[in-house]
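Peer 1: Mind folding the following:
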Amino acid sequence: MASSTVTSSQPDRPPRPNLVFRRLRGQRSPAEFAAVIRRAALEIGEQVSCDARYIGRVESGEIRCPNYAYERVFLHMFPGRTLTDLGFAPRSSVRGRRARDNRDNEYAPLTCTTNPANATSETSGACEPYETQNPYDPHHPHDTYEESDVLRRAFMTSGGATMAAASLGPVGLAFDAAAAQPPARRAGANDAGALEEAVRRIRLLDDRHGADGLYRRAAAPLRAAYALLDAGATRQTTADRLYSGAGELAISVGWLAHDSGRFDDARSHYAEALATARMTGDPGLEAHAFCNTAFLARDAGRPREAVRAAQAAQRVARPVASPRLMSLLALREAGGWAGLADRVGCEQALVRAQALFDRGTSEADPEWMSFYGEAELEGLEAQCWSALGDWRRAARHARRAADLQDPHFTRNIALYTAELADDLARGGRPDEAAVAGMKVLDLLEEVQSSRIQTMLAATARVLLPHRRASGVSAFLERHASAPRVT
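Peer 2: Numbers count the residues shown, from 1 in each chain. Here you go, the predicted structure:
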């Protein structure tokens, strides 16, 4: 096969080797280290096709910054470190260079020099040092990176093509009015891949920063996704991916509304996802929509609806054959029973959730469940006991949840710690509650979540009569002066 004649967009200077990453590999061979990375990915629900060739590209400096899937895996493997700590270039600097190279064509696709005949499964179509290939697409896993203009405009700034734009600090998303315009052509596999990546990016940012700063910007990519559906697809397999992706995006946007206290908006988005699932006969998407609907109903003070939605989710989820999914759905049911003050029903659902969780992970586990591990199990059980008024047991599970949570999920650590603070305050341990509350205030410097702020405000009210207890006054003063999400 003839070599590619496409002009390279790489700089003339040779890449700088990533010596930090090489030291992290230690005595393991590239193939052995790649296997470690693949196993770590499965632990958090990610899929990466890492092989020895990929490790070589990273260590040689050819890949200056990994894609978002690999980023999550690396940060899971090395808690407390950033990408730059691992020897990678800042994402903004790599993206920014591409923007300068493509100043004459704002949405120019990447250009490549790799000969497809010589490419491995991980390097086919390798282009930029910013590693943008989509490792999730089983049909076109490593095609040249060409997102649709609609999704690109919805999720990239028009210069640096970076998600972390300055408009919202570290979680900024910039949108173009063109995102809502119908595409001029039928959607293809690249559009489906771009839509799936948009969902992952929202989840990644929510994990780290919470929903409030994201929700106001999330409507444009959702409109763009449904514009793609209206345009039609070139193949049925692509159409199926588009419908699934649009449904998952509706759920993600609904969750951003839910977590930021916009319950009516969340209900609407979840209903939209549910309708999409039923139109296409997608049991996994339908179970996900019912799962979130149950969670929303519990938070909105409709516990009986929460029970019924969770039970419906369990019925439709059976064909998915994922014990972990069924475990989470049992927890959603338990939350509803707790809201109804039905201790027996709650305990039965909790026992079922633990038994299903203990079966372990499987290949059938949905991608969106990457957040669901032992920490989330403990955190949701803590919420059940809290609703039942068993503060001591609730505090024990909330503390375990905060201790077990992967550092990557900053928002969840803040949530579990806020739950702990409230349980301690209501359980008559104001000094310990103040310590936990201080930790939450520290975390709220990088997390924007109305849910967590509401919880902490309730805790502060409970602690008011105990202001003379050790540390309580300092917590109350700091809480009163802390900025609020608007």
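Peer 1: ok, residue 20 to residue 349 distance?
Peer 2: According to C-beta to C-beta, to the nearest Å, residue 20 stands 46 Å off from residue 349. Any C-beta I mention is one placed from the backbone N, CA and C, and that applies to glycine too.
Peer 1: Now find how far off-centre stretch 294-304 is within its chain.
Peer 2: Centre-to-centre, stretch 294-304 and its host chain are 22 Å apart (C-alpha atoms, centre = their mean, to the nearest Å).
Peer 1: That stretch - what's its average pLDDT?
Peer 2: Averaged across stretch 294-304, pLDDT comes to 95.
Peer 1: How about stretch 347-363?
Peer 2: Computed over stretch 347-363, the mean pLDDT rounds to 96.
Peer 1: Name the next helix or strand downstream of whichever strand or helix holds residue 293, please.
Peer 2: Assessed by DSSP states H and E, residue 293 sits inside helix 283-299. Downstream of helix 283-299, the next assigned helix or strand under DSSP H and E is helix 303-317.
Peer 1: Now do the helix or strand following that following helix: which elements does it pack against?
Peer 2: Going down the chain from helix 303-317, the next helix or strand is helix 323-339, by DSSP H and E. In terms of contacts (3 or more C-beta pairs under 8 Å, 6 or more residues apart in numbering; DSSP states H and E), helix 323-339 is packed against helix 283-299, helix 303-317, helix 343-357, helix 374-387.
Peer 1: Run the angle between helix 323-339 and helix 343-357 for me.
Peer 2: For helix 323-339 against helix 343-357, the angle by axes from the mean of the first three to the mean of the last three C-alpha atoms, to 10 degrees is 170 degrees.
Peer 1: Tabulate the CA atom coordinates of helix 323-339 in PDB.
Peer 2: Coordinates of each C-alpha in helix 323-339 appear next as PDB, following Å, rounded to 0.1, in the frame of the first residue of the first chain:
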ATOM      1  CA  PRO A 323     -25.000  -7.400  38.300                       C
ATOM      2  CA  ARG A 324     -23.500  -4.000  39.100                       C
ATOM      3  CA  LEU A 325     -26.300  -2.200  37.300                       C
ATOM      4  CA  MET A 326     -28.900  -4.300  39.100                       C
ATOM      5  CA  SER A 327     -27.100  -3.400  42.400                       C
ATOM      6  CA  LEU A 328     -27.300   0.300  41.700                       C
ATOM      7  CA  LEU A 329     -31.000   0.000  40.800                       C
ATOM      8  CA  ALA A 330     -31.700  -1.900  44.000                       C
ATOM      9  CA  LEU A 331     -30.100   1.000  45.900                       C
ATOM     10  CA  ARG A 332     -32.400   3.400  44.100                       C
ATOM     11  CA  GLU A 333     -35.300   1.300  45.300                       C
ATOM     12  CA  ALA A 334     -33.900   1.300  48.800                       C
ATOM     13  CA  GLY A 335     -33.700   5.100  48.800                       C
ATOM     14  CA  GLY A 336     -37.400   5.200  47.900                       C
ATOM     15  CA  TRP A 337     -38.400   2.900  50.700                       C
ATOM     16  CA  ALA A 338     -36.300   4.900  53.200                       C
ATOM     17  CA  GLY A 339     -38.200   8.000  52.100                       C
END
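Peer 1: Mind listing what's buried along it?
Peer 2: Going by neighbour count (16 or more other C-beta atoms under 10 Å), the buried part of helix 323-339 is 323-339.
Peer 1: pull the helix or strand with minimum mean pLDDT from this structure.
Peer 2: One helix or strand of the chain scores below all others by mean pLDDT, DSSP states H and E: helix 149-155, with a mean of 40.
Peer 1: for the helix or strand hosting residue 456, what is the average pLDDT?
Peer 2: In this assignment (DSSP H and E), residue 456 forms part of helix 450-463. In this model, helix 450-463 carries a mean pLDDT of 92.
Peer 1: Which strands or helices does the very next helix or strand once past it pack on?
Peer 2: The element immediately downstream of helix 450-463 (helix or strand, assigned by DSSP H and E) is helix 472-481. Helices and strands touching helix 472-481, by 3+ C-beta pairs under 8 Å, 6+ apart, are helix 430-443, helix 450-463.
Peer 1: now for these, which one comes closest to residue 227?
Peer 2: helix 450-463 (29.4 Å; C-beta to C-beta).
Peer 1: Pull out the buried residues from that closest one.
Peer 2: For helix 450-463, a neighbour-count test (16+ other C-beta under 10 Å) marks 450-453, 455-456, 459-460, 463 as buried.
Peer 1: Show me how far that helix is from its chain's centre.
Peer 2: In terms of C-alpha atoms, centre = their mean, the centre of helix 450-463 is found 25 Å from the chain centre.
Peer 1: How about residues contacting it?
Peer 2: With C-beta atoms under 8 Å, 6 or more residues apart in numbering as the contact definition, helix 450-463 has outside contacts at 210-212, 259-261, 411, 414-415, 418-419, 421-422, 425-426, 430, 433-434, 437, 440-441, 444, 469, 472, 475-476, 479-480, 484-485.
Peer 1: are any of those residues buried, and which?
Peer 2: For these, buried by 16+ other C-beta under 10 Å: 210-212, 259-261, 411, 414-415, 418-419, 421-422, 425-426, 430, 433-434, 437, 440-441, 444, 469, 472, 475-476, 479, 485.
Peer 1: what's the longest helix in this protein?
Peer 2: Longest among the helix segments of the chain by residue count, using DSSP state H, is helix 236-259.
Peer 1: tell me the mean pLDDT over that helix?
Peer 2: pLDDT averaged over helix 236-259 gives 84.
Peer 1: Show me what counts as buried in it.
Peer 2: Within helix 236-259, the residues that count as buried by 16+ other C-beta under 10 Å are 238-239, 241-259.
Peer 1: Since that was my last question, I'll sign off now.
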